[in-house]
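Undergrad: coords below, sequence missing:
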């Protein structure tokens, strides 16, 4: 099922890329967009995890740096019957975490410096169990693909806007230049469409990962407590996260970007806690 979802996501986001190229560049733009979509699909499947980790300047973390973290991960991976993931540290004070990778054999778990300081071992176990549930459920590939192609669409839309502002654009339609309405749609609707696709993929899988993570940790209380802490402290410490990747984190990063708050890729924390505790 998740492979089907990933295929559909690739098709939808690729369609947006192609539509941008055709609307702004005519036939030559369409051909260029087709080539770009093919290249991005290949890149997103094989290298999206490296792209996201590099985007957040993730640093490989050894057992000596955090033996408690490694002990928890080894215990949980043994229960889940999956390989030990690569472990990374994000040099950020905002408390958060995410998992990435195309399958359990190529998975990585990344935690921020802030979350290691904030959570106690039981709460940290709940968070890591949630992320490993994403790995075991094989939906980290969907997250990584959405992040990579979503970012590409947003960058392409911005480049198109700047190209038109400084005299670029397609001219293979008899010298008439680009269509202003098509340009407006590219600037506004393409990033919105990419984010809406991510939103549709994300909310249901968060509830599923919460439930699977609580089962893996053998208690829902650590994760429930962690979610409440993460929301409270996340409001105090904004995180410089791109809207294209916000769906990957266990808690939606709160940044100072103007449009970041318009797209909620996570269910309300109160509802997640209520479901975890059976209230």
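TA: Received, thanks. Everything quoted here is computed from the prediction, not taken from an experiment.
Undergrad: And the helices in the stretch 51-200 of the chain, which stretches?
TA: For the stretch 51-200 of the chain, helices defined by DSSP state H, counting those that start in this stretch occupy the ranges 67-80, 113-118, 121-136, 140-165, 180-217.
Undergrad: lowest-confidence stretch among the ones you listed?
TA: Of all the helices of the stretch 51-200 of the chain, mean pLDDT reaches its minimum on helix 140-165 (a mean of 68).
Undergrad: wait, doesn't residue 205 sit right on residue 138?
TA: No. Residue 205 lies out of contact with residue 138 (C-beta atoms under 8 Å); the separation is 10.6 Å. Glycine gets a C-beta too; all of them are placed from N, C-alpha and C.
Undergrad: Overlap in contacts, these two.
TA: By C-beta atoms under 8 Å, 6 or more residues apart in numbering, residue 205 and residue 138 have no common neighbours.
Undergrad: out of everything not next to it in sequence, what's closest to residue 57?
TA: Counting by C-beta to C-beta, 6 or more residues apart in numbering, residue 57 lies nearest to residue 91, which is 6.2 Å off, once chain neighbours are set aside.
Undergrad: Residue 92 now?
TA: residue 112 (4.5 Å).
Undergrad: how close does that neighbour get to residue 96?
TA: Noted for residue 112: a distance of 5 Å to residue 96, by C-beta to C-beta, to the nearest Å.
Undergrad: what about those two, which has more around it?
TA: residue 96 (28 against 25; other C-beta atoms under 10 Å).
Undergrad: can you pull the pLDDT of the more buried one?
TA: 96.
Undergrad: what are the phi and psi values for it?
TA: phi -170, psi 170 (degrees, to the nearest 10).
Undergrad: follow-up on the earlier one: which residues are in contact with both of residue 112 and residue 96?
TA: In contact with both residue 112 and residue 96: 90, 239, using C-beta under 8 Å, 6+ apart.
Undergrad: doesn't residue 267 fall inside a helix?
TA: No. Looking at residue 267 with DSSP: H, G, I helix; E, B strand; the rest coil, it is coil, so not inside a helix.
Undergrad: surely it meets residue 208?
TA: No. Assessed by C-beta under 8 Å, residue 267 is found out of contact with residue 208, at 11.0 Å.
Undergrad: residue contacts, residue 231?
TA: 251, 269 are the contacts of residue 231 under C-beta under 8 Å, 6+ apart.
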